[in-house]
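*Asks:* from the sequence below, what's the structure:
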Amino acid sequence: MALSRRTGQRFQGAIWPGFVDAMTGLLLVLMFVLTIFMVVQFVLREQISGQESELNALSDEIELLANALGLEERKSSQLEARMGALNATLSETQTDLESAQAEIDQQSSLIAALTAQRDRQEAALEQAQTQITDFEAQVATLLASRNEARDQIAALQDEREALQDRQVELLSEQEALNAALAQSRSETDAQAEAARLAAARR
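*Replies:* Down below sits the predicted model:
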């Protein structure tokens, strides 16, 4: 009886530090995972914010280009009106008509350049939208990974509890085996003593 109490006390004294170490390690792992997730989320948020600012800048540039295009269209209409007037007085102002035509060509080339720049800006906007979609997919993947990590932690906790129960069972079996071994030794010693006494009598 005293042996079982001492063994139980030793077992309790030995299991408590291990339990505390296991809980500490589990908390450290959980904090590490949460820290990684928060860092990744912060980086992705910064990248998305940068992309949004770039999109705003691109939108402002497109608006400026649209205004410039409208201005150039108004200029073109004015030039066309002037060209009509010059066609009416073609016989008198042939030189002015040629200069106006050159100016029209210059404005047309400017309009073409502005149109090409607008197309490039639209392509850049589409690319930025694609990148934002990719970032959203990465965030969803990270969230799924976080959920999987939580499930794994829960499974590990269940496995640890099962191992602790198995350890308690093994310790109980060990105590029983130690008691049986002590009894067997005492019986063996008694038999040996009886054999020595019988030999002495003989």
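*Asks:* residue ranges in the protein under the pLDDT threshold?
*Replies:* 1-15, 86, 90-91, 93, 97, 202 (pLDDT under 70).
*Asks:* biggest helix in it, by residue count?
*Replies:* As assigned by DSSP state H, the longest helix anywhere in the chain is helix 94-201.
*Asks:* starting at the chain centroid, how far to that one?
*Replies:* In terms of CA atoms, centre = their mean, to the nearest Å, the gap separating the centre of helix 94-201 from the centre of its chain is 10 Å.
*Asks:* on contacts alone, who are the packing partners of that helix?
*Replies:* Applying 3 or more CB pairs under 8 Å, 6 or more residues apart in numbering; DSSP states H and E, one finds that helix 94-201 contacts helix 2-88. The way it works is simple: take the backbone N, C-alpha and C, and place the C-beta from them, glycine included.
*Asks:* grab the most central residue of this protein for me.
*Replies:* Leu142 (3.5 Å; CA atoms, centre = their mean).
*Asks:* quick check: that residue touching Val40?
*Replies:* Yes: counting by CB atoms under 8 Å, Leu142 does reach Val40; the two are 5.8 Å apart.
*Asks:* next, count neighbours for the closest residue in space to Arg146 that isn't next to it in sequence.
*Replies:* Leaving aside its chain neighbours, Arg146 sits nearest to Phe37 (5.6 Å; criterion: CB to CB, 6 or more residues apart in numbering). If you count neighbours by other CB atoms under 10 Å, Phe37 ends up with 15.
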